[in-house]
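[1] only geometry, no sequence info:
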């Protein structure tokens, strides 16, 4: 290949990288049977719906994080209170009894906390799924459109 062939190749490559080349080349390109304005409108609606769904998820994640922080704070406080109670015990039997009581309370608390978190996650999942079900089902149904230039066969 000579120098001119390289210049032609890179000139062609450079024109492909130019946005004006594409806008000029595809300006009149309209494949039959495809309604790009409808497609664009549906895409815009879907993006808006996804944004709303993300807001719902974000709100629920914040609620879940707050609940997790509250649980952590309460459990840490209970643990330190248990240490104080055990340290103030008069004998090892009393300390052992207080420790057993704390373990039972901690186990019950963990089960209740797990149930609360599970309920929050279930509520969040149901809320998001319900939102998707209500708002995206309209896009799944085929739209019936009439051809633009249909002529009556009786005429």
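    Received, thanks. Just so it is clear, the structure is predicted and the values come from calculations on it, not from any experiment.

[2] so who does residue 124 touch?
    Residue 124 makes contacts with 56-57, 60-61, 63-64, as judged by CB atoms under 8 Å, 6 or more residues apart in numbering. The way it works is simple: take the backbone N, C-alpha and C, and place the C-beta from them, glycine included.

[3] any stretches of the protein with poor pLDDT?
    Low-confidence regions of the chain, defined by pLDDT under 70, span residues 1-19, 21-34, 137-155.

[4] related to what we said a few turns ago, quick one, which of the contacts of residue 124 are buried?
    Burial by neighbour count, 16 or more other CB atoms under 10 Å: within the contacts of residue 124 this picks out 60, 64.

[5] using a markdown table, lay out the contacts of residue 124 together with secondary structure and distance to residue 87.
    Written out in a markdown table, the entries for these read as follows (DSSP: H, G, I helix; E, B strand; the rest coil; distance: CB to CB, whole Å):
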| residue | secondary structure | distance to residue 87 |
| --- | --- | --- |
| 56 | helix | 47 |
| 57 | helix | 45 |
| 60 | helix | 41 |
| 61 | helix | 39 |
| 63 | helix | 37 |
| 64 | helix | 35 |
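
[6] would TSV of the contacts of residue 124 with distance to residue 44 be doable?
    Supplementary listing: the contacts of residue 124 in TSV, determined by distance: CB to CB, whole Å:
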residue	distance to residue 44
56	19
57	20
60	25
61	26
63	29
64	31
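
[7] can you list contacts of stretch 83-94?
    Under the contact criterion CB under 8 Å, 6+ apart, stretch 83-94 has outside partners 95, 98-99, 102.
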